[in-house]
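J.: no sequence on hand, only this structure:
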């Protein structure tokens, strides 16, 4: 999926948001998503910019350019 860096004391759940049936591409589109550090009890909404970086507060995920999210 991509390169993850940083440290987390537990798993982080990431959910991509968008209109069903559409595809967004890293490097071209700003991609809406949210993440949870507590198993889905609470969520933080954010975006992945054209640089492909998702910052989750201490952990970053860098998606490859041209990666497609459905």
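T.: Now that the structure is in, tell me what you want to look at. Predicted, not measured: the structure shown is a model, and the values here were computed from it. Numbering: from 1, shown residues only.
J.: only C-alpha atoms from now on, for both contacts and neighbour counts.
T.: Noted.
J.: which elements pack onto the helix-or-strand element of the chain with minimal mean pLDDT?
T.: Lowest by mean pLDDT, DSSP states H and E among the helices and strands of the chain is strand 2-6, with a mean of 90. Here strand 2-6 touches strand 59-63, going by 3 or more Cα pairs under 8 Å, 6 or more residues apart in numbering; DSSP states H and E.
J.: mind listing residues that contact the following helix or strand past the strand it packs on?
T.: Next helix or strand after strand 59-63 toward the C-terminus (DSSP states H and E): strand 68-69. The contact list for strand 68-69, computed with Cα atoms under 8 Å, 6 or more residues apart in numbering, reads 16, 23, 24, 25, 26.
J.: ok, now with 7 Å
T.: For strand 68-69, the external contacting residues (Cα atoms under 7 Å, 6 or more residues apart in numbering) are 23, 24, 25, 26.
J.: pairing partners for the next helix or strand after the least confident helix or strand of the chain, with directions?
T.: Later in the chain than strand 2-6, the nearest helix or strand by DSSP H and E is strand 13-16. Sheet pairing for strand 13-16, assigned by DSSP bridges, gives strand 31-36 (antiparallel).
J.: can you pull the buried residues of the helix or strand following the strand it pairs with?
T.: Sequence-wise, the next helix or strand downstream of strand 31-36 (DSSP H and E) is strand 44-48. Neighbour-count burial for strand 44-48, counted by 16 or more other Cα atoms under 10 Å, picks out 46, 47, 48.
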